[in-house]
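Q: Please work out how this folds:
(2 chains)
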Amino acid sequence: DTEVTQTPKHLVMGMTNKKSLKCEQHMGHRAMYWYKQKAKKPPELMFVYSYEKLSINESVPSRFSPECPNSSLLNLHLHALQPEDSALYLCASGYRATNEKLFFGSGTQLSVL
Amino acid sequence: GDSVTQMEGPVTLSEEAFLTINCTYTATGYPSLFWYVQYPGEGLQLLLKATKADDKGSNKGFEATYRKETTSFHLEKGSVQVSDSAVYFCALLLSNAGGTSYGKLTFGQGTILTVHP
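A: Below is the predicted model of the structure:
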């Protein structure tokens, strides 16, 4: 299994909703990442987890809350989002945070109304 | 700071044409360089990489050579196909002398490639 699986593929939510994005990999990777990608722009790093511990937070607003419950799963909890948070949210994983090859999921396309 | 600059697109070619997408970078430390491809509605896939100067990465007919003297990593393909239509991102990953990188990729702005039959 060489895939990073993200669910849901599409999500529409209101500004008062609470929702979660999920990411799963079974490649034995110990580094996992959340990226945000706006249309026609490159991905921007949000969070890095290394061995289930948060190692990088790129000054992301607290309405985004990451969680890594085990080495295979990564969640992104969303609360009180703004319309400008609408974007494609990509999960990625790698063997270690020091390893250069990242495997990306297909992303969750999020729309905030 | 560290940055990657790609040629502006979009690039439109006919099938079997030669492709070049320029990429230059500025970085301190010891960067590894990558090309990622993103097909419509999908995430990013690693296309090729080079981890040190003069390395050549290649995959699926695409090639790029890590040129430290010109701080460049241009992507080339001799004969493009319609299926190559996608967005191409050049990216760098900095490491210290011990190889620690923390996995933070810096991406260029992306180049949209459209290939017509």
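Q: What strand or helix carries the nearest residue to residue B:63 once chain neighbours are set aside?
A: Spatially, and ignoring its direct neighbours in sequence, residue B:63 is nearest to residue B:76 (5.3 Å; CB to CB, 6 or more residues apart in numbering or on different chains). Just so you know, the C-beta spots here come from the backbone N, C-alpha and C atoms, and that holds for glycine as well. In the assignment (DSSP states H and E), residue B:76 maps to strand B:75-77.
Q: and that strand, what does it pack onto?
A: With contacts taken as 3 or more CB pairs under 8 Å, 6 or more residues apart in numbering or on different chains; DSSP states H and E, strand B:75-77 sits against strand B:19-21, strand B:62-65.
Q: One more pass at 10 Å, please.
A: strand B:19-21, strand B:56-59, strand B:62-65, strand B:111-116 (3 or more CB pairs under 10 Å, 6 or more residues apart in numbering or on different chains; DSSP states H and E).
Q: Within its sheet, name the partner strands of the last one and how each one runs.
A: Same thing as strand B:111-116. Paired neighbours of strand B:111-116 in the sheet (DSSP bridges): strand B:11-14 (parallel), strand B:86-95 (antiparallel).
Q: Please apply the same query to the first one.
A: Here the strand partners of strand B:19-21, with direction, are listed using DSSP bridges: strand B:75-77 (antiparallel).
Q: Give me the distance between residue A:96 and chain B.
A: According to CB to the nearest CB, to the nearest Å, residue A:96 and chain B sit 8 Å apart.
Q: lowest-pLDDT helix or strand in chain A?
A: Within chain A, no helix or strand scores below strand A:53-57, which has a mean of 89 by mean pLDDT, DSSP states H and E.
Q: if I pick the closest residue to residue B:74 other than its chain neighbours, what's in contact with it?
A: Leaving aside its chain neighbours, residue B:74 sits nearest to residue B:22 (5.1 Å; criterion: CB to CB, 6+ apart). Contacts for residue B:22 (CB atoms under 10 Å, 6 or more residues apart in numbering or on different chains) come out as B:5-8, B:72-76, B:90, B:108, B:111.
Q: Can you turn the buried subset of those into a selection I can paste into PyMOL?
A: Per 16 or more other CB atoms under 10 Å in any protein chain shown, the buried members of the contacts of residue B:22 correspond to this PyMOL selection:
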select buried, chain B and resi 6+7+72+73+74+75+90+108+111
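Q: so can I have CSV of the contacts of residue B:22 showing distance to residue A:36 and pLDDT?
A: Below are the contacts of residue B:22 laid out as CSV (distance: CB to CB, whole Å; pLDDT from 0 to 100):
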residue, distance to residue A:36, pLDDT
B:5, 21, 95
B:6, 19, 94
B:7, 24, 84
B:8, 23, 79
B:72, 28, 96
B:73, 24, 97
B:74, 28, 98
B:75, 25, 98
B:76, 30, 98
B:90, 19, 96
B:108, 17, 95
B:111, 20, 96
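Q: low-confidence ranges in chain B?
A: B:95-103 (pLDDT under 70).
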